[in-house]
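[1] Next one to model:
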Amino acid sequence: MRYMLLIYMQETEVSDEEEKTVAKTHRNVMNEAMRRGIFNGAEPLMPTNTATTVRHKDGKVLVTDGPFAETKEQLGGYYILDCENLDEAIEWASKIPSAYGGSEGCVEIRPIRPMSN
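    You can find the predicted model right below:
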């Protein structure tokens with residue numbers, strides 16, 4: 001089953017060294033997932049100040065700047081992995097760095113619902 005691993009973290013200023021360390025850890029996780037043949041994709045997201053939210057209300061489209069919710073942690077990126085089961089997805093999520101700038105984050109695991117034709 002394919003799982004999306006959503007990486008939540010606080011957006012904080014970090015040193016170049018910390019940025020390089022986190023990026024290296026992500027590359028290591030992605031390379032290992034590729035070697036095991038379960039890697040479907042992973043990408044970081046731009047900061048929330050670049051977000052645009054689209055809503056439908058009363059038949060109208062409402063467009064607002066910014067993320068959809070006020071939270072301490074923001075969605076920073078994702079992985080899509082083809083895992084045997086939830087236990088394997090948890091194992092992979094535990095390898096993904098979510099702490100950034102001295103703050104702790106989390107990785108949310110969501111099964112991907114297959115689309116019917």
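[2] ok, which stretches of this protein are strands?
    2-9, 39-44, 52-57, 60-65, 74-82, 106-111 (DSSP state E).
[3] Indicate which one of these is closest to Lys24.
    Across the strands of the chain, Lys24 has its closest neighbour in strand 39-44 (13.4 Å, CB to CB). Quick note: C-beta positions are derived from backbone N, CA and C, even for glycine.
[4] If we go by neighbour counts, what in that closest one is buried?
    Neighbour counts using 16 or more other CB atoms under 10 Å place Phe39, Ala42 of strand 39-44 among the buried residues.
[5] for that strand, packing partners?
    Applying 3 or more CB pairs under 8 Å, 6 or more residues apart in numbering; DSSP states H and E, one finds that strand 39-44 makes contact with helix 16-35, strand 74-82.
[6] okay, these, which one's buried deepest?
    Highest mean neighbour count of the helices and strands packed on strand 39-44: strand 74-82, a mean of 19 (counted as mean count of other CB atoms under 10 Å).
[7] Quickly run through the sheet partners of it, with directions.
    Using DSSP bridges, the strands paired with strand 74-82 are strand 2-9 (antiparallel), strand 39-44 (antiparallel).
[8] Give me the residues contacting the longest one.
    Residues external to strand 2-9 that are found in contact with it (CB atoms under 8 Å, 6 or more residues apart in numbering): 40, 73-83, 86, 89, 92-93, 96, 98-101, 103, 105-112.
[9] Just give me how far that strand sits from the chain centre.
    4 Å (CA atoms, centre = their mean, to the nearest Å).
[10] got the angle between it and helix 16-35?
    The directions of strand 2-9 and helix 16-35 differ by 170 degrees, with axes from the mean of the first three to the mean of the last three CA atoms, to 10 degrees as the criterion.
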